[in-house]
Every structure is written in C-alpha cells, then in structure tokens.
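>>> Here is a sequence with its predicted model. Questions after.
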Amino acid sequence: MQKGVKFRIYPNKEQQNLINRTFGCCRLVYNMGLKARSDGYKNGEKVNYNQTSKMLTELKSQEDYKFLKDVDCQALQQSLRNLDRGFVNFFAKRAKYPCFKSKRNNHQSYRTVNQKNIVRIEGNRIRLPKIGWVKIKQSMEVGHINNATIERSPSGKYYAVLNVEFEPASKPCKGSEIGIDMGIRAFYTDSNGNVAANPKFTEKAMRKLANEQRRLSRKQKNSNNHRKQRFKVSLAYEKVANQRNDFLQKLSTKLICENQTICIEDIKVKELIGRNNKEHVAKKRHNLNRSQYSAGWYMFFEMLKYKALWYGRNLIKVPSDFPSSRLCSDCGFDNTALDDVSIRKWTCPECGSVHDRDVNAAKNILNKGLQMQFD
C-alpha cells in the first residue's frame, strides 16, 4: 500500500532561496497553462496537457524564461499535471473551475517525482532534485519513495511530504462492534456508553487568536513589524491545528485497535452547515457552525476510513437521514417529540425503557449498520 508521511526539513538560506524560486516557477507555469486552456476554450479550441507541456518546452528556450532551467523540471511538469487534474475534476463536477495561484498565498508547495531514486533519505538528510542534501527530522522509517511534496507553512517552516510504499503491520483487536454518535458537547458517544470529551481547541485558544489578530491589524502593512506579527498569528493557528490532528489521530487509532466493525453516520459537514445557514437565529447558528468546523469531523472520518483499509476493519456509514435519535433502541418506537434537541433523557412510551439521547442514538446507528452489512 501507499501512504503519506510528513517530516520537517531544515534547508539553509541558499536552499530556501532555491525552494522559494521553485514555488514561483511552478506557480508561473501553472498560471500560464491555465490562461492557455481558458483562452482556448473561449475560442472553441481544446487545449490538453500535452499542448501545455509543449508550451513549457518552448518557454525554456526563450531568453526571458531561461530561469525555468534553474529549478527542478519534474516540479514544473507536475504543476501542469495538477492543472490537468483540476480540469478533470471540474468536468466531472467534483470541483470548481481552476483558479489562478497567487504568491500572496502563505501556503506554497510543489511536487517532484522520484526518478532513479534521486529522492532518498540517508542518516538525518534527504536528497532533493536541484536542492541537494537537506537536514530532515525523521520520526519513522519509510519504504520506497514515489514522490515528494515540498511545503512552506504560513509560519515559515519547511516540510517534505513523502508518498511511500509500506506494508501495514497487523493490529490485533477484540473483534467487537461499535456504533458512534457524533456531537458537539461530547466529541462522540458510543453504543457502549463511553463518551469521548470534545477538547474544543479552537474555542480555548479564541482569546489568544483574537489578541494576535488584533495586534496584526494595528501594524503598518508591508512593514517588518507586520511581517513578524503575521508569523505569530500563523504560529497560533498552527498550534491549534497540530493539537486537533494529534487528538484525532490517537482517537481514531484507538477505535481501530479495539473494534472490528465501526458504524458511523454519513455526515456531510458542508451540507450540514449549509442547512444551518438557512435556519433562523443567526448568532446561535454561527456559533454552531464554528463548533462543527473546529471539531474536525471530516478529518476524523477520513482517518477512520484509511486506517480501516490498512488493518482490515469494517467501516459502515449509516445514511444521515436515518432517525437515530428518535428511535427506541429496544423496541423501535419512533418518538417524534425528540426533534427537540434539548431533550437529553427520555422514557419510551411503548416499552418503558429509559434512554440517554446520545447512547440510544449510537445503539441505533450500530443496529442499522449491522443490518446494512448483512443485507
């Protein structure tokens, strides 16, 4: 199988300059390719990847663009590949129309293909085309490297994201089955009654984020103080993102190790927030949207998805329109009064079972998921 691993790298000033120039050249080639394809579309002509690749070859022969020869040629080709993939996704209605890249975007990256094993790690260094040997902080051993993406974060840190071959090590599990009901007060509640607390990293850091952002707004734009404060803002947001990622990675791994079958709701976060925006009480809905975004549900679902594939677990997605909160998990009675989300505990009028709203929903998700598995 393949997976992506991310290591921080420490290029010297000369290497940083060359990496930054590569960012700029890839951005230039991408934008010129996008303009050529857009102009061709307006004139009734079809411009594909091969034609933009030919355009790149012609550019390198021109005196005004000879600087393109100073950077990694594979990175330039991959930028055109990215553009072509963007158009494929657009015509398949999976994405919006590709837009021009800006140098003002704080997050810059380029991808290079590992040809003839040029990209490799030896000791505490990694070799990159045109860049040479760069110091790397490696946290795990990796297999064969297929390609490498070099990134610069908004805080000015450099990373190498490697696509590597690997063989997943088997992880023993208890063979149990579990249903999960996602929430805001608690991150999730499972069918066994266990509750994972929501750490709410964004909410806890909100005062610091606001203060740093306020200081930035008072600095004169394009000044050194403005640049320094912008890095402080980026570091504050980066810390929240790292805390969230660490929490989700550990929690998803724990679930994969303990259970053979995991049933979750098929929640589309963007659609859910879109529905919230159409509701009344704008202020309350705004706070709800922020909480749903900061919880990281989508990231959590994606982690469960690829880890289940790695280790042979069953991940079942129950349709989001399934009324898991209203049904009695014992007798199946549909209690429409539970459309009021303020009701946290209730007694079934049919069988008399007393339910916690979230635990009951998790049990219903588990039952529905097992039913879907064997249907």
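Right, received. Where do you want to start?
>>> so how far is the first residue of stretch 196-215 from its last?
This stretch, stretch 196-215, spans 35 Å end to end (C-alpha to C-alpha, to the nearest Å).
>>> wait, I meant stretch 87-106
With C-alpha to C-alpha as the measure, stretch 87-106 spans 24 Å from end to end.
>>> buried set for that stretch?
Buried residues in stretch 87-106, defined by neighbour count with 16 or more other C-beta atoms under 10 Å: F87, P98, K101. C-betas here are computed from N, CA, C, even on glycine.
>>> Excluding chain neighbours, what is closest to the first one?
This means F87. Of all residues not flanking F87 in the chain, P98 sits nearest, at 6.4 Å (C-beta to C-beta, 6 or more residues apart in numbering).
>>> ok, now how distant is the one you found from D84?
Look at P98 and D84: by C-beta to C-beta, to the nearest Å, they are 10 Å apart.
>>> same deal with L315?
In this view, L315 and D84 are 31 Å apart by C-beta to C-beta.
>>> do V47 as well
Computed with C-beta to C-beta, the distance linking V47 and D84 is 10 Å.
>>> which residue ranges form the strands in the stretch 251-375 of the chain?
When assigned using DSSP state E, counting those that start in this stretch, the strands of the stretch 251-375 of the chain occupy the ranges 259-265, 314-318, 345-347, 354-356.
>>> so who does the most centrally placed residue in the chain touch?
Nearest to the geometric centre of the chain sits M299, at 5.9 Å (C-alpha atoms, centre = their mean). With contact taken as C-beta atoms under 8 Å, 6 or more residues apart in numbering, M299 is in contact with R244, N245, L248.
>>> for the residues you listed, which one is nearest F187?
The closest of those to F187 turns out to be L248 (C-beta to C-beta; 9.1 Å).
>>> Now the closest one: closest residue in space that isn't a chain neighbour?
The nearest residue in space to L248 (C-beta to C-beta, 6+ apart) is F300, at 5.0 Å.
>>> now N114
Excluding its sequence neighbours, the residue lying closest to N114 (C-beta to C-beta, 6+ apart) is I145, at 4.9 Å.
>>> right, and the one you found touches L162 too?
Yes. Here I145 reaches L162: they are 5.2 Å apart, a contact under C-beta atoms under 8 Å.
>>> Those two: which is more packed in?
Between I145 and L162, L162 has the larger neighbour count (other C-beta atoms under 10 Å), namely 24 against 20.
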